[in-house]
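Enquirer: Need the 3D shape of this:
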Amino acid sequence: MIYFEEKRIPTANVTTTEFLSAAHAQCSALGMPKYEPILVEHPIQPKTKEEVRVLADRVIGDIIEKLINQKGQQAA
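Expert: Down below sits the predicted model:
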């Protein structure tokens with residue numbers, strides 16, 4: 001993610017609600033404290049394919065928006 005963002009290529013990181021704090025910590029540690037991942041409900045593991053598709057359908061617009069409208073970020 002950082003490699004692409006530093007080259008001004010937008011990324012869309014998807015994480016579950018359970019790991020939001022860890023995602024923020026990782027982004028901060030890599031010099032991108034303002035980077036916001038896209039969130040889906042936790043847990044994913046026990047979900048059926050159809051339930052995972054529903055989660056994906058809920059965030060696909062956010063993913064596309066982030067990739068199209070976000071300029072890559074420079075790591076600090």
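Enquirer: Contact partners for Val14?
Expert: 37-40, 59, 63 (C-beta atoms under 8 Å, 6 or more residues apart in numbering). Heads up, the C-betas are built off the backbone N, CA and C, glycines and all.
Enquirer: Spatially central residue (nearest the centroid) of the protein, please.
Expert: Per C-alpha atoms, centre = their mean, the C-alpha nearest to the average position across the chain is that of Asn13, at 2.1 Å.
Enquirer: For that one, which non-adjacent residue is closest in space?
Expert: Pro37 (4.2 Å; C-beta to C-beta, 6 or more residues apart in numbering).
Enquirer: Just confirm that neighbour contacts Thr17, I think it does.
Expert: No. The pair Pro37 and Thr17 does not pass the contact test of C-beta atoms under 8 Å, sitting 10.3 Å apart.
Enquirer: In terms of packing, which of those two has more residues around it?
Expert: Higher neighbour count among Pro37 and Thr17: Pro37, with 20 against 11, using other C-beta atoms under 10 Å.
Enquirer: Tell me the spacing between that one and Asp62.
Expert: Pro37 sits 10 Å away from Asp62, taking C-beta to C-beta, to the nearest Å as the criterion.
Enquirer: mind listing the strands for this protein?
Expert: Shown for the chain, the strands assigned by DSSP state E span residues 14-16, 38-40.
Enquirer: Can you lay out the ones you listed as JSON lines showing distance to Ala25?
Expert: What follows is the strands of the chain, written out as JSON lines (distance: least, C-beta to C-beta, whole Å):
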{"stretch": "strand 14-16", "distance to Ala25": "12"}
{"stretch": "strand 38-40", "distance to Ala25": "15"}
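Enquirer: so can I have TSV of the ones you listed showing distance to Met32 and mean pLDDT?
Expert: As requested, the strands of the chain are arranged in TSV below (distance: least, C-beta to C-beta, whole Å; pLDDT from 0 to 100):
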stretch	distance to Met32	mean pLDDT
strand 14-16	14	97
strand 38-40	15	97
